[in-house]
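K.L.:
could you work out the structure for the sequence below:
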Amino acid sequence: MKRKLVTILIGCMALGLFGCGSGLSDTTKRLTPQQSEDSEQNANHTGNEDQQTEADTTEKKAEDGSTETSFGYRYRYCQFALNLLQQTYEDGKNEMISPLSVLAALTMTENGAKGDTLSQMEQVLSDGTPVGQQGRELSSYMKKLVDTENAHLNIANSIWLKDADTLHVEDDFLSENSKLFDAEIYQAPFDEHTLKDINTWVSQKTEKMIPKILDKIEDNSVMYLINAVAFDAKWQSPYEKEDVEAGTFTSENGTQQTVDMMYSTEAYYLEDDSTTGFIRPYEDGYSFMALLPKEGISIEDYISHLSAEKLIGLVENVSTDYDVDAAIPKFKSEYSIELKDTLQNMGMTDAFDEEQADFCGIGTSDNGNIYINMVLHKTYIEVDEQGTKAGASTVVGMVETMSLYEPEIKTVHLDRPFVYAIIDTETQMPIFLGVTESVEE
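P.N.:
Okay, here's the model as predicted:
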């Protein structure tokens, strides 16, 4: 049977806005879910409607009356982030992932899964939490994230449909993603103009940090689901010229590099049996968290023993009893990975199987079954004296078939391989999570 390709683009970190008149070709049409051709009403598209109860565990009321993200959701999110890091880690290679980006795109996709395909995705993405609750929790969390002039985070989503009589997309699927994730809906012929439009969308959403996501559109591609996120934040205390000095970064294999090292005294000290580290705040809502394995612990062993309990425990037990003599190398890094094998190893197998995949909640094609063919994730980060810029983009391809006393000083110089995260200050959940084994300037 002839198979058709549905590619889902997941998660781009980006700045900027992309609205009507932003460079789309005349052949790309902006739709509302109700305008998509051949859409059908199907109340059972998520496959677990009996589980679509209010997510009481998602948020709880704080003393000031605001809502705060529950520990349960923080745990599940952090565990997914660390599982993903552990599965994708390669010795000697710099890496950065955006769990927020990957989760956003895969959760949009999950909204169209059924049966065992859905069950496996629920287990991998949210430790078995039903798709309806997972979607509401993620949507609520993303909408609460801080976005200011000095700490900018912009999240955008879109779904691109091939303008073809053989593709029949469920309106409920589009409506749910539009409601939860403000997904923009586009219909296009999937030609060279569409390729340019998709790459332009991603480039604008990432402030050109991810200038290109697709090299081509396959003949049998019928759908792209795209998540884009942009992060650009200034340090609460920017480094001055005299704070930057040449230093030596020593990689795991003993190779030494002369790098620009940024020195400061920080107030938030992290330590446990295998970690020393610190937290350095950005202007509003976010912080840079640095985790340096203690001497004698390789970065590979360190990463393999990271867990949600460990990560959350480090932040919750942060100490302000010390002055931290801190040093961060100036660095920038680009990273790209195909996540298909990673997700299969995590237990999401049926979604990639042309016979077993069940995405009938997305819709149907006259040409065969819909399944995921690839999941491509691209990221970019730049850390300097002023702050941090970061971007990420993921593509999922689906085919049919800181007293009064003198404090003790703790020294944490990131002059050898380290783990870092850009965290949301309120929940301490990582927006970005990375490993630096060598310094690229």
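K.L.:
could you check how far Gly23 is from Met121?
P.N.:
Applying CB to CB, to the nearest Å, the value for Gly23 to Met121 is 34 Å. (Each C-beta comes from the backbone N, C-alpha and C, glycine too.)
K.L.:
more neighbours, those two?
P.N.:
Met121 (24 against 11; other CB atoms under 10 Å).
K.L.:
and the more buried one, which of the three is it?
P.N.:
helix (DSSP: H, G, I helix; E, B strand; the rest coil).
K.L.:
next: His168.
P.N.:
With three-state DSSP as the basis, His168 sits in strand.
K.L.:
what's around it, how many residues?
P.N.:
16.
K.L.:
list the contacts of Tyr322.
P.N.:
If a contact means CB atoms under 8 Å, 6 or more residues apart in numbering, then Tyr322 has 269, 407-410 as its contacts.
K.L.:
okay if I get those as CSV plus neighbour count and distance to Asp232?
P.N.:
Formatted as CSV, the contacts of Tyr322 follow (neighbours: other CB atoms under 10 Å; distance: CB to CB, whole Å):
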residue, neighbour count, distance to Asp232
Tyr269, 24, 27
Pro407, 17, 33
Glu408, 9, 35
Ile409, 11, 32
Lys410, 19, 30
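K.L.:
could I get these as a markdown table with distance to Glu218 and secondary structure?
P.N.:
Output for those, formatted as a markdown table (distance: CB to CB, whole Å; DSSP: H, G, I helix; E, B strand; the rest coil):
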| residue | distance to Glu218 | secondary structure |
| --- | --- | --- |
| Tyr269 | 51 | strand |
| Pro407 | 60 | coil |
| Glu408 | 60 | strand |
| Ile409 | 57 | strand |
| Lys410 | 53 | strand |
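K.L.:
where is pLDDT lowest across these?
P.N.:
Ranked by pLDDT, the contacts of Tyr322 bottom out at Pro407 (69).
K.L.:
for the helix or strand harbouring Glu300, packing partners?
P.N.:
Here Glu300 is covered by helix 299-304, with elements defined by DSSP states H and E. Where contact means 3 or more CB pairs under 8 Å, 6 or more residues apart in numbering; DSSP states H and E, helix 299-304 is packed against helix 71-88, strand 286-293, strand 418-424.
K.L.:
what is the burial count for Ser140?
P.N.:
By other CB under 10 Å, neighbour count at Ser140 equals 16.
K.L.:
ok, now the one 5 residues further on?
P.N.:
Residues near Leu145, counting by other CB under 10 Å, number 20.
K.L.:
pLDDT score for it?
P.N.:
94.
K.L.:
how many neighbours does the nearest residue to Ser307 once chain neighbours are set aside have?
P.N.:
Excluding its sequence neighbours, the residue lying closest to Ser307 (CB to CB, 6 or more residues apart in numbering) is Leu82, at 6.4 Å. The number of residues packed near Leu82 is 20, by other CB under 10 Å.
K.L.:
which SSE is the closest residue to Gln236 other than its chain neighbours in?
P.N.:
Once flanking residues are discounted, Gln236 sits nearest to Pro281: 4.4 Å by CB to CB, 6+ apart. Using DSSP H and E, Pro281 sits in strand 275-281.
K.L.:
over to Asp323?
P.N.:
With DSSP H and E as the test, Asp323 turns up in strand 322-329.
K.L.:
quick one, that strand and strand 286-293 angle?
P.N.:
Between the axes of strand 322-329 and strand 286-293, defined by axes from the mean of the first three to the mean of the last three CA atoms, to 10 degrees, the angle is 90 degrees.
K.L.:
and this structure, what are its domains?
P.N.:
5-234+333-399, 241-330+403-436 (automatic domain parsing).
K.L.:
next one: Thr248 from Thr255, what distance?
P.N.:
Counting by CB to CB, the gap from Thr248 to Thr255 is 11 Å.
K.L.:
now the helices for this protein?
P.N.:
With helices called from DSSP state H, the chain shows them at 71-88, 99-110, 115-126, 131-144, 171-181, 192-205, 299-304, 308-316, 340-345.
K.L.:
related to what we said a few turns ago, let me know which of the helices and strands packed on helix 299-304 is the nearest to Glu334.
P.N.:
Smallest distance to Glu334 across the helices and strands packed on helix 299-304 (CB to CB): 14.8 Å, for helix 71-88.
K.L.:
what about dumping the CA coordinates of that closest one to PDB?
P.N.:
Extracted as PDB, the C-alpha positions of helix 71-88 are listed here (Å, rounded to 0.1, in the frame of the first residue of the first chain):
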ATOM      1  CA  PHE A  71       5.000  19.100  42.700                       C
ATOM      2  CA  GLY A  72       3.700  16.200  40.800                       C
ATOM      3  CA  TYR A  73       3.800  18.000  37.500                       C
ATOM      4  CA  ARG A  74       7.300  19.500  38.300                       C
ATOM      5  CA  TYR A  75       8.500  16.000  39.000                       C
ATOM      6  CA  ARG A  76       7.100  14.400  35.800                       C
ATOM      7  CA  TYR A  77       8.400  17.300  33.700                       C
ATOM      8  CA  CYS A  78      11.900  17.100  35.200                       C
ATOM      9  CA  GLN A  79      12.000  13.400  34.900                       C
ATOM     10  CA  PHE A  80      11.100  13.600  31.200                       C
ATOM     11  CA  ALA A  81      13.800  16.300  30.700                       C
ATOM     12  CA  LEU A  82      16.500  14.100  32.400                       C
ATOM     13  CA  ASN A  83      15.400  10.900  30.600                       C
ATOM     14  CA  LEU A  84      15.800  12.800  27.300                       C
ATOM     15  CA  LEU A  85      19.200  14.200  28.300                       C
ATOM     16  CA  GLN A  86      20.400  10.700  29.400                       C
ATOM     17  CA  GLN A  87      19.200   9.100  26.200                       C
ATOM     18  CA  THR A  88      20.700  11.700  23.900                       C
END
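K.L.:
how about residues contacting that helix?
P.N.:
Outside helix 71-88, the residues within contact range by CB under 8 Å, 6+ apart are 57-58, 95, 97, 99, 102-103, 124-127, 129, 137, 141, 303-304, 306-309, 311-312, 337, 339, 342, 345-346, 427-430, 433, 435.
K.L.:
how big is the angle separating it from helix 115-126?
P.N.:
Going by the same axes, to 10 degrees, helix 71-88 makes 100 degrees with helix 115-126.
K.L.:
run the chain-centre distance for helix 71-88.
P.N.:
Centre-to-centre, helix 71-88 and its host chain are 11 Å apart (CA atoms, centre = their mean, to the nearest Å).
K.L.:
tell me what angle that helix forms with helix 131-144.
P.N.:
90 degrees.
K.L.:
what comes up buried for stretch 411-425?
P.N.:
412-425 (16 or more other CB atoms under 10 Å).
K.L.:
one step back: now the helix holding Glu300, how far from the centre of its chain.
P.N.:
21 Å.
K.L.:
packed most tightly, which of the helices of the chain would that be?
P.N.:
Comparing the helices of the chain by mean neighbour count (mean count of other CB atoms under 10 Å), helix 99-110 comes out on top with a mean of 27.
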